[in-house]
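Engineer: what shape does this take:
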Amino acid sequence: MTRIGLFGGSFDPPHAGHLLLAESAREELQLEKVYFIPARQSPLKDWAAFASPEERLAMVGLAVADNPFFEVCRVELDREPPSYTVETVKYFHQLFPEAELWLILGEDNLADLHRWYRVDELLAIARVGVGKRPGNCGNAGNGGDGSGEEKRFPVLAGREERIRFFAHPEIELSSQEIRERIRAGRSIRYRVPEKVREYIEERRLYRG
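Structural biologist: Next comes the predicted model:
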């Protein structure tokens, strides 16, 4: 069965940590394709993007251009906010009805997953892959008992088989940190792909 990864986020801007998480998921979960899906507005966060939707879409396109396993999808940018992940997953299920869909998350997102809109419907359509440091990836869905994780991640209770941790050499990097470095006139080289850095420079994004 074809396995497809769905990786959503603000990507404001996309950085090396995003790419590393997606590539780790592709390899560890044996995904044939990973779709990067820029969000217009998160329903759970008081968040407004600093770059425009089209600028963020363009930056993601530049970031993934050299990886044949990565693609960009604008479905959430074309939908009126709030844009719920369950609707995005249903969209991909209609596109690829025979595929096994995997939602790619970092651990920080997993902590809030139980609060997501129609989470049980979401988990009925797609499984969730969560990047975690190597050597600490056991859970009820892939070999561990999961008891300790359920306290940190309430969504695991009764849903262990739908959620899997995979090995991911996490790096300490965030879009907020990159924006702050730009405002301070500091280098972001190697924190973002070079073409993304050039785009940010040309557009003078995140400068104040």
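Engineer: all contacts plus neighbour counts: C-alpha atoms, from now on.
Structural biologist: Fine.
Engineer: now do the SS call for the most far-flung residue of the chain relative to its centre.
Structural biologist: Relative to the mean C-alpha coordinate of the chain, counting by CA atoms, centre = their mean, the farthest residue is Gly185 (27.5 Å). Put simply, Gly185 is coil when judged by DSSP: H, G, I helix; E, B strand; the rest coil.
Engineer: hang on, Met27 is in a strand, isn't it?
Structural biologist: Careful, residue 27 is Glu and not Met. No: counting by three-state DSSP, Glu27 is not part of a strand but helix.
Engineer: just give me the neighbour total for it.
Structural biologist: For Glu27, the neighbour count with other CA atoms under 10 Å is 12.
Engineer: next: Lys151.
Structural biologist: Neighbourhood size, Lys151 [other CA under 10 Å]: 12.
Engineer: what of Leu57?
Structural biologist: Burial of Leu57 is recorded as 25 neighbouring residues (other CA under 10 Å).
Engineer: what score does it have for pLDDT?
Structural biologist: On the pLDDT scale, Leu57 is placed at 98.
Engineer: helix or strand for it, just tell me which one.
Structural biologist: Following DSSP states H and E, one finds Leu57 within helix 53-64.
Engineer: how far does that helix sit from the chain's center?
Structural biologist: 14 Å (CA atoms, centre = their mean, to the nearest Å).
Engineer: what sits up against whichever helix or strand comes after it?
Structural biologist: The first helix or strand that comes after helix 53-64 along the chain, using DSSP H and E, is strand 70-72. The contact list for strand 70-72, computed with CA atoms under 8 Å, 6 or more residues apart in numbering, reads 33-37, 57, 60-61, 64-65.
Engineer: if you set the cut-off to 7 Å instead, what comes out?
Structural biologist: If you take CA atoms under 7 Å, 6 or more residues apart in numbering as the criterion, strand 70-72 is touched by 33-37, 61, 64.
Engineer: what's downstream of the worst-scoring helix or strand of the chain on mean pLDDT, the next helix or strand?
Structural biologist: The helix or strand of the chain with the lowest confidence, counting by mean pLDDT, DSSP states H and E, is helix 147-152 at a mean of 68. Later in the chain than helix 147-152, the nearest helix or strand by DSSP H and E is strand 163-167.
Engineer: check which helices and strands that next one sits against.
Structural biologist: Under the contact definition 3 or more CA pairs under 7 Å, 6 or more residues apart in numbering; DSSP states H and E, strand 163-167 sits against strand 126-132.
Engineer: give me the mean pLDDT for the strand it packs on.
Structural biologist: 95.
Engineer: what comes up buried for it?
Structural biologist: Burial within strand 126-132, assessed by neighbour count using 16 or more other CA atoms under 10 Å, is assigned to 126-132.
Engineer: ok, stretch 27-43 next?
Structural biologist: By 16+ other CA under 10 Å, the buried positions in stretch 27-43 come out as 29, 31, 33-42.
Engineer: thank you, goodbye.
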